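S.K.: just to be clear, the model below is a prediction. Sequence and coordinates:
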Amino acid sequence: GENVEQHPSTLSVQEGDSAVIKCTYSDSASNYFPWYKQELGKRPQLIIDIRSNVGEKKDQRIAVTLNKTAKHFSLHITETQPEDSAVYFCAATGGNEKLTFGTGTRLTIIP
Amino acid sequence: GAVVSQHPSRVICKSGTSVKIECRSLDFQATTMFWYRQFPKQSLMLMATSNEGSKATYEQGVEKDKFLINHASLTLSTLTVTSAHPEDSSFYICSAMKNSGRASYNEQFFGPGTRLTVL
């Protein structure tokens, strides 16, 4: 089955700086890679996703890059704000449509 | 929109009792729903895939007789934790798959989760 690794597990950045979270996956058949933001006690919220036929996608301050050859994808948050503090999960899925989640990154934005 | 609800949001029960959690897709039909479990400070772990009109598919290590899943309609899946014990205390989250029209993947929408505490 799919295995998704995520790094770092914790990340602290100064407000206004950029944050980068990286994930690798094992199943070359995976074709959909969403990123979720989860606040304490709440549901995961989809913040951006990318499909295997695209190398990069951007939505305002958030961007995701995908390297299919190396089987890794990354989340980039620019101009970080205090409200960006949360736990972020990457995920991957292939033909069976089951999401495999990474282990999560606790992002703290320091004012 | 694509709204998924869960009920109850919190439940506290005594050891040995059973607890039923409902997952509803409010404004779309969902042939497939998923049930996840999330322990504190950990990731979401898929427990089972719930398919309307057929038996659920359980992930390795998840006891099907302990976690009963029923997907009786296109908008409702239920998870029953039978003979609950303290180690079953966790955050249970469902998701419902909406057909986005894309051949490669149907987007999942998550419920708000149910916090189960077994005393």
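M.R.: Noted; the coordinates are in hand.
S.K.: host element of the spatially most central residue of chain B?
M.R.: By C-alpha atoms, centre = their mean, chain B has its centre lying nearest to B:Trp35, at 3.2 Å. Using DSSP states H and E, B:Trp35 maps to strand B:32-38.
S.K.: now A:Pro8. Nearest residue, chain neighbours left out?
M.R.: Among residues not flanking A:Pro8 along the chain, A:Thr105 sits closest, at 6.1 Å (C-beta to C-beta, 6 or more residues apart in numbering or on different chains). C-beta here means a position set from N, CA and C on the backbone, and glycine is covered the same way.
S.K.: name whatever forms a beta bridge with the one you found.
M.R.: Beta-bridge pairing of A:Thr105 under DSSP bridges involves A:Tyr88.
S.K.: double-check it against A:Tyr88; I have them as touching.
M.R.: Yes. With contacts counted by C-beta atoms under 8 Å, A:Thr105 reaches A:Tyr88, the gap being 4.9 Å.
S.K.: now the common contact residues for the two.
M.R.: A:Ile21 (C-beta atoms under 8 Å, 6 or more residues apart in numbering or on different chains).
S.K.: sorry, back to before: what does the pLDDT read for the closest residue to the residue nearest to the centre of chain B other than its chain neighbours?
M.R.: Spatial nearest neighbour of B:Trp35, chain neighbours left out: B:Met47 (4.6 Å); criterion: C-beta to C-beta, 6+ apart. Here the pLDDT value assigned to B:Met47 is 97.
S.K.: quick one: is stretch A:23-38 near chain B?
M.R.: Yes. With C-beta under 8 Å from any C-beta of the partner chain as the criterion, chain B is reached by stretch A:23-38 at A:Asn31, A:Tyr32.
S.K.: chain center to that stretch: distance?
M.R.: 8 Å (C-alpha atoms, centre = their mean, to the nearest Å).
S.K.: in it, which residues are buried?
M.R.: A:23-25, A:27, A:30-38 (16 or more other C-beta atoms under 10 Å in any protein chain shown).
S.K.: enumerate the residues of chain B near chain A.
M.R.: So chain B meets chain A at B:32, B:34, B:42-46, B:49, B:91, B:93, B:95, B:97, B:104-108, B:110-113, B:115 (C-beta under 8 Å from any C-beta).
S.K.: ok, now which ones touch residue 7?
M.R.: Because you didn't say which chain, this covers chain A. A:His7 neighbours (C-beta under 8 Å, 6+ apart): A:Ile21, A:Lys22, A:Cys23, A:Thr105.
S.K.: not what I meant, chain B
M.R.: B:Ile21, B:Glu22, B:Arg24, B:Thr114.
S.K.: fine by me, thanks again.
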